[in-house]
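Visitor: this one's sequence-less:
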């Protein structure tokens, strides 16, 4: 999922390999919000899907986020799901549709998208790319060619991302 628009082509890119049933990714939300607030359009933050097999609803959640992107509310939806990982673990797909309804998205279209699998290729491509670059867990950040693993600890990662972003912006 990307916030990209034609105006943002020159912005540095922060890829965030995330899994929406992951408590560590939920813990990273504050850092992501802070980065998005600090840099705005000067940093393109892209949510990349890396569903882990240990979380049975993560793959469906990744597809649901892509449907939210189609409906113009990708980040809001991702944040809403990440903030309630326990509910996702308990309820699965009905929870994903309920969150869509709460955000006033077309919940019927979410239900259909989860059934017909229209976003599977996007999720599969993200996961394959993540594996190819060495992502093994979530959250993992990639910016300026540097991979930062947040699955063990988030401590110091936002500061490191800010250092790299500031350097990349200064080089422009």
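Guide: Cool, the structure landed. Here the structure is a predicted model, which is why all the values come from computation and not from measurement. Numbers count the residues shown, from 1 in each chain.
Visitor: and the strands in the chain?
Guide: Secondary structure of the chain (DSSP state E): strands located at 13-18, 44-49, 140-143, 146-149.
Visitor: in JSON lines: the ones you listed, plus mean neighbour count and mean pLDDT.
Guide: The C-beta positions use only the backbone N, C-alpha and C, and glycine is treated the same way. Converted to JSON lines, these look like this (neighbours: other CB atoms under 10 Å; pLDDT from 0 to 100):
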{"stretch": "strand 13-18", "mean neighbour count": "24", "mean pLDDT": "96"}
{"stretch": "strand 44-49", "mean neighbour count": "22", "mean pLDDT": "96"}
{"stretch": "strand 140-143", "mean neighbour count": "23", "mean pLDDT": "96"}
{"stretch": "strand 146-149", "mean neighbour count": "14", "mean pLDDT": "92"}
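Visitor: now those as TSV including distance to residue 74?
Guide: Listed next are these as TSV, based on distance: least, CB to CB, whole Å:
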stretch	distance to residue 74
strand 13-18	12
strand 44-49	7
strand 140-143	18
strand 146-149	22
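Visitor: for those strands, which one sits closest to residue 118?
Guide: When the strands of the chain are ranked by proximity to residue 118, the top entry is strand 44-49, at 14.4 Å, counting by CB to CB.
Visitor: relative orientation of that closest one and strand 13-18 in degrees?
Guide: When axes from the mean of the first three to the mean of the last three CA atoms, to 10 degrees is applied, the directions of strand 44-49 and strand 13-18 differ by 30 degrees.
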